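**Student:** Structure for this input, please:
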Amino acid sequence: MIDGGGIRGICELRVLDEIMKRVQKAQNLATIPRPCDYFDLMGGTSTGGLVAILLSRFKMTTTEAIEVYYDFSGKIFSKKNRKGLLSKIVGHPFHERPLEKIIKDMVSARQIGELMMDPRPEARSKAFVCSQLAHKQGQATRFRTYEPPSPLKRDTSLDVPSVSGSLSSPSTTSSASTTYFSANAPSQSSASSVESAPIAESPKPEDPVPVVSDPWNEYRDIQIWEAARATTAAPSYFDPIELTRGGDRRKFIDGAMGCNNPAKEVVDEAAALFGTDCILGCLVSLGTGFSGEVTIGEAQKWYKKLAALIINLKKIATDTEIVHKGLRSLIRADLDTYFRFQLPTGAEKIRLHDYRKLDELSQLMQVYIEKESAEIDKVVRILVDKAKPRGINLGQIAGADHGQIVPPKKDIRSRPHVSEFFVGRREYLETLAEALCPNPQQPDRKRHHLLYGQPGAGKSQTAAKFLDDYGHWFDMILWVDAMSKETLEAGFKELRGCSEFGYEGDGSASTILEWLQTTEHSWILVLDDVRGDVSKYVPKGNKGAVFFTSQDKFMEPAQKSATMLDVLGEEEAVELLFSSARLEEEADDKKRKKAASLTKSLGYLPLAIEQAAATVRMEQWGVEDSDPQNDSLGLQAVHASFDVTYKVINMQAHDVSNEAKADAAKYALQLLNLFSFYHNEGLMGNILKRAVKLRPEDRKEDDYGIGMWSFADLLATDESGEWIEHRWQLGVDLLVSYSLVKVAKDDQIRRVYSIHGLVHSWARERMQEHPRSVRAKAARLILFDSFTEAQSTPDDFQYGFKVLPHARAVMKTTEEVSSDISLQITHQFKYCLLLEAAGVSGISLNEIVSVLWASLGHHGGLSERFLEIADMTIGAAKRRGMLAPALELAHSCYRVREHLYGMEHMNSVRNLVTMTSLCIELGQYIRAAETLHVCLWVYEEVHPEEDKSPIKTALAIAHFFNDEADQGRDYLLEVVEESKQRHGPSHPKTLECLSNLAIFQTTQENFEEAENILKLVMETEDKLFGSRYMSRTYTLHNLGIVYYYQDRFEEAVQCFSTASKLSRALRDLDVRYYYQQHALAMAVYHRGDREWAIKRISLCCKRFKQMLSEGHVYIEKAELQRDLWIEIGEDDLGPDYVEAPLFPIFRF
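**Tutor:** Numbers count the residues shown, from 1 in each chain. Next up, the predicted model:
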């Protein structure tokens, strides 16, 4: 952002020149780089607008711009260019023609086109200059070098929380600035690229569509000289410029009155261009020198006072510091994102047209630059990509709204809402504040605290209330459900919003914990409902606060600082009952006594009391009507309150006087019983819908239970065979009304529900043994009917990920519920397929092998069902690197199928392809290629309609290892297109094909294309399956290879390290882990740590010999590399140094 200020604009250029010189030094460049290659958007007013045009539209270096600026100033403000005395009196004392001529001559000489709009829409650095209509001052008009973006919709009523934590209303005054609005600075080799920029480029505009009703067409046809004249037409020095379009005349003056500092204009423009979600890299505002304080003084004469007033009003109108202070209130200085460079003193004494003072200003600026050297270095670090964005998005600071602005959240993952009926607990809250809030007098004290108590005591609610009351002490509040390993991992993944505060990582618990140990932000991590050892989820050191809630006082890690949350006192309990049930506050003694008796029977537990109150409220009972069945404390009290609710719903289900109400209650009870066998979170109607759609033809109504124990009503269909969703909705809505179920997620497309853990266990435990067994079998049938073995569509895969927790739960809660061995094997088989599709690291083969043995005993070794399960086992073994046993089993299956069906049968050929893929993994490339050519011929001649992708993929990889990359690449291109048509662009099989294709692109040195493909694959996998998806490690590995062959060793090391960490659990089984370690050793060697690299590659050589077939080419190449490194020692790598290639990981 470049302020206006006459010849003082040299101050701006001097600062920017210093910045670019330091960038040149940091990147070891031969010549000074151009600002337009480092900043995504520039905006300027008056002389600042002229600078913006020179740097962006003319694409000058700062050295060139300074030279031109001196030339401009001397010609424009010389005595020769002055008008007569009258012009000096009335204003406009200088002729404007020299400026116009200089600009026109430069346009002609540089042949960049006459229009302000750059004819190359892909140009990185965009710029605009501010002017204003002479009759409408204070409202900026922007002349742009790019297609105008859609305007942001202003909402002046919106209070936007600032990054500093305070509230500020968006300004309604148009303002602008020469923003040096940066992305991360590019590397020397890709200075014009914006792919890694914090502020991304806007999409390429389509051809401009003229607005017929507006002859000005948003100023698209403004010429460069017209824009330069308009932005510099300061009324005190030049005549306004009059422009005509379609008979409409408009006079323009410079934008100094009201937007002399165009910072807010730039921010708003950037939000419109790049989107309000775009992360800000840095915002650099350049001033022309402080203009002095606004003072009237003690003048006695009225005309002197009036003159002083006019001067000061002009100062106020052109004051650049008001905008600066507004931005600083939005972006704290410690975030190192917004930088303002403004000469504090000296400039105010120099008149705006006194060009002879340019050298004096330059000398003043040199002193200022030395003083501000540290701040300039911060800007340089951002520009050369050594400092990362601090997570501020444009929506947080823009004064306009697209309806997309999301205020910065202190809560990185939303904590539970505090109940509107929360009562008491003040002493506990004060104890927590003393234990957890920062104390400036004890900055290094350990702030870990445990709040423990029995189920239903209100631990989570008290924790949430504490954060409501004391959350202002912390910059970040991180809430994680610690009930199980799954909820912990999922919870930490949701904390990726920490990127707003500088976190960078893949969302894994380990990277977040490491970051928390070093960040300077104040934070509190809440691990809620701890049920096991959570030691590895606790940051080391004494930074921040860690708040545990648990039923177990002796949880791990053990806590010295702990508080037991007791039940409510009787008075608080009665107050909670009356307020939750919405009963009259003024109750007589009889009602209060009855209420006290009821709350006592519920153990004074808040959860139980609220459940009972919900029933009282729903049924419009009085407290005297309630009939608690249990006077015991603890968990029994909680279950007692649920029993009351259950009885109410059950009575409603048998109420013949209201059929609709009875049906809703009946469906609610069925759902409650069904949910109890699944996971308590992520419950959705889609389970029932898919179970109806995909169930086998021989599924009978009795399979869903008998009589009152049946779930058949929930799976009923209408006359057209469509699932009757209305029954599900009636039932779940009633459960929500009675507080037994809550809406966990509502994305306006499909709601997802959850049940409190206590309700979940109670619903299952309350059943008698026989009905529980009947319902358990039906619950398992419904769930396993809802997904297929093939999972052939992206929807199938995504559903499989969502339903996996339910599959785990139902396998555990429905053990040995069926005597049908065949059905048990089918369910176990589908469960294993689901686990394999999820690609979660560390899954044992035991479950898969046990299914295989069960099938062998039940179906026999000659049955196709047994062979299908064997195929799954082979694939699982292959994915874990157990190649030799996998090949042996595959060979046995092939012989059986050849015996059963013959050599050319589809099942036999598929089996043969599996065998050859294993041969490729073991290094038997020539033999594999020959066999695959035969298989492809059989497919084309005998099975032309079948999917040939597996054969072509394997054949392409065989050609790759036979140094026939071109032929292999052709096969893979066919496979990619076929997979997109057959499965869709985001199906895992298509992503695997793309990942394989990227390896070929890397080999042929098409690095940019390979990198783009792998980043697309990784982004899609992360979106669909999460960062722990096992196949993601192979994508990371292959991306690291792309970086390695471009000498981008730091990025390569990061990729290889991350991939190794993800696959470390399989290091004893999967040889591909050692491919990643081998690549890491190669990259680390080039980074300078030769000793570590030699040790690591030696380990890889040892493991390759143990895990790969004898004579495998990788063994030979790795050993040659190791021996060469040992021979070289610490000597320099000579010109004849040749190293072995890295080993890519194909997915097939």
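**Student:** I'd like to know which helix or strand in this structure has the lowest mean pLDDT.
**Tutor:** When the helices and strands of the chain are scored by mean pLDDT, DSSP states H and E, strand 167-168 comes last with a mean of 28.
**Student:** Now name the helix or strand holding residue 325.
**Tutor:** helix 321-330 (DSSP states H and E).
**Student:** and if you look at residue 130?
**Tutor:** strand 126-133.
**Student:** Which strands or helices does that strand pack on?
**Tutor:** Counting contacts by 3 or more C-beta pairs under 8 Å, 6 or more residues apart in numbering; DSSP states H and E, strand 126-133 is packed against strand 39-45, helix 47-52, strand 141-144, helix 224-232, strand 248-254, helix 256-259, helix 263-274. (Each C-beta comes from the backbone N, C-alpha and C, glycine too.)
**Student:** so where's the stretch 801-950 of the chain uncertain?
**Tutor:** The stretch 801-950 of the chain contains residues with pLDDT under 70 at 816-818, 838-844, 880-881.
**Student:** what ranges do the helices span in it?
**Tutor:** Using DSSP state H, counting those that start in this stretch, the helices of the stretch 801-950 of the chain run over 821-838, 846-858, 864-879, 883-901, 906-921, 925-942, 949-961.
**Student:** same deal with the stretch 601-750 of the chain?
**Tutor:** Using DSSP H, counting those that start in this stretch, the helices of the stretch 601-750 of the chain run over 606-619, 634-653, 659-675, 686-694, 725-737.
**Student:** Tell me which of the ones you listed sits nearest to residue 564.
**Tutor:** For residue 564, the closest of these is helix 634-653, at 13.8 Å, according to C-beta to C-beta.
**Student:** what is the mean pLDDT for that closest one?
**Tutor:** Averaging pLDDT along helix 634-653 gives 70.
**Student:** ok, now stretch 43-60?
**Tutor:** pLDDT averaged over stretch 43-60 gives 90.
**Student:** what do you get for stretch 237-256?
**Tutor:** Stretch 237-256 carries an average pLDDT of 83.
**Student:** Just the buried positions in it, please.
**Tutor:** Within stretch 237-256, the residues that qualify as buried are 237, 238, 239, 240, 241, 243, 250, 252, 253, 254, 255, 256, counting by 16 or more other C-beta atoms under 10 Å.
**Student:** same thing with stretch 505-513?
**Tutor:** 505, 506, 507, 508, 509, 511, 512, 513.
**Student:** any idea of the mean pLDDT in it?
**Tutor:** 85.
**Student:** residues contacting the nearest residue to residue 821 once chain neighbours are set aside?
**Tutor:** Take residue 821 and drop its neighbours on the chain: the residue closest to it by C-beta to C-beta, 6 or more residues apart in numbering is residue 858, 5.2 Å away. Counting by C-beta atoms under 8 Å, 6 or more residues apart in numbering, residue 858 makes contact with 821, 822, 825.
**Student:** Measure how buried the last one is and give me the count.
**Tutor:** Read that as residue 825. 21 (other C-beta atoms under 10 Å).
**Student:** wait, isn't it in contact with residue 851?
**Tutor:** Yes: the pair residue 825 and residue 851 qualifies as a contact (C-beta atoms under 8 Å) at a distance of 6.3 Å.
**Student:** any shared contact partners between those two?
**Tutor:** In contact with both residue 825 and residue 851: residue 869, using C-beta under 8 Å, 6+ apart.
**Student:** where's the residue sitting nearest the centre point of the chain relative to residue 547, distance?
**Tutor:** The chain has residue 496 as the residue nearest its centroid, 6.3 Å off, counting by C-alpha atoms, centre = their mean. To residue 547, residue 496 is 21 Å away according to C-beta to C-beta, to the nearest Å.
**Student:** same check, this time on residue 365
**Tutor:** From residue 365 over to residue 547 (counting by C-beta to C-beta), the distance is 51 Å.
**Student:** Surely residue 669 and residue 647 touch.
**Tutor:** No: with contact taken as C-beta under 8 Å, residue 669 and residue 647 are classed as non-touching, separated by 10.9 Å.
**Student:** Which one's more surrounded, the two?
**Tutor:** More crowded of residue 669 and residue 647, by other C-beta under 10 Å: residue 669, with 20 against 13.
**Student:** got a list of what residue 968 touches?
**Tutor:** Contacts of residue 968 by C-beta under 8 Å, 6+ apart are 955, 956, 957, 958, 959, 960, 1000.
**Student:** domain parsing for this protein?
**Tutor:** Per the TED database, the domain ranges recorded for the chain read 6-149+217-294+301-390, 426-564, 634-817, 844-944, 947-1027, 1028-1147.
**Student:** about what we covered before: by how many degrees do the helix holding residue 325 and helix 263-274 diverge?
**Tutor:** 50 degrees (axes from the mean of the first three to the mean of the last three C-alpha atoms, to 10 degrees).
**Student:** what distance separates helix 321-330 from the middle of the whole chain?
**Tutor:** 29 Å (C-alpha atoms, centre = their mean, to the nearest Å).
**Student:** Could I get the CA-only coordinates of that helix as PDB?
**Tutor:** Taking Å, rounded to 0.1, in the frame of the first residue of the first chain, the C-alpha atoms of helix 321-330 are listed here in PDB:
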ATOM      1  CA  GLU A 321      -2.400   7.400  10.400                       C
ATOM      2  CA  ILE A 322      -6.200   7.000  11.100                       C
ATOM      3  CA  VAL A 323      -6.300   4.100   8.700                       C
ATOM      4  CA  HIS A 324      -3.100   2.700  10.100                       C
ATOM      5  CA  LYS A 325      -4.400   2.700  13.700                       C
ATOM      6  CA  GLY A 326      -7.600   1.000  12.500                       C
ATOM      7  CA  LEU A 327      -5.600  -1.800  10.900                       C
ATOM      8  CA  ARG A 328      -3.300  -2.100  13.900                       C
ATOM      9  CA  SER A 329      -6.300  -2.600  16.100                       C
ATOM     10  CA  LEU A 330      -7.300  -5.600  13.800                       C
END
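**Student:** and it, what does it pack onto?
**Tutor:** strand 167-168, helix 263-274, strand 282-286, strand 338-341.
**Student:** Now do the buried residues in that helix.
**Tutor:** Buried positions in helix 321-330, judged by neighbour count with 16+ other C-beta under 10 Å: 323, 324, 326, 327, 328, 330.
**Student:** Can you verify my assumption that the second one contacts residue 285?
**Tutor:** If I follow you right, that is residue 324. Yes: Residue 324 is in contact with residue 285 according to C-beta under 8 Å; the separation is 6.5 Å.
**Student:** now the one helix or strand residue 1035 maps to against helix 864-879, angle please.
**Tutor:** Following DSSP H and E, one finds residue 1035 within helix 1031-1044. Compare the direction of helix 1031-1044 with that of helix 864-879 by the same axes, to 10 degrees and you get 40 degrees.
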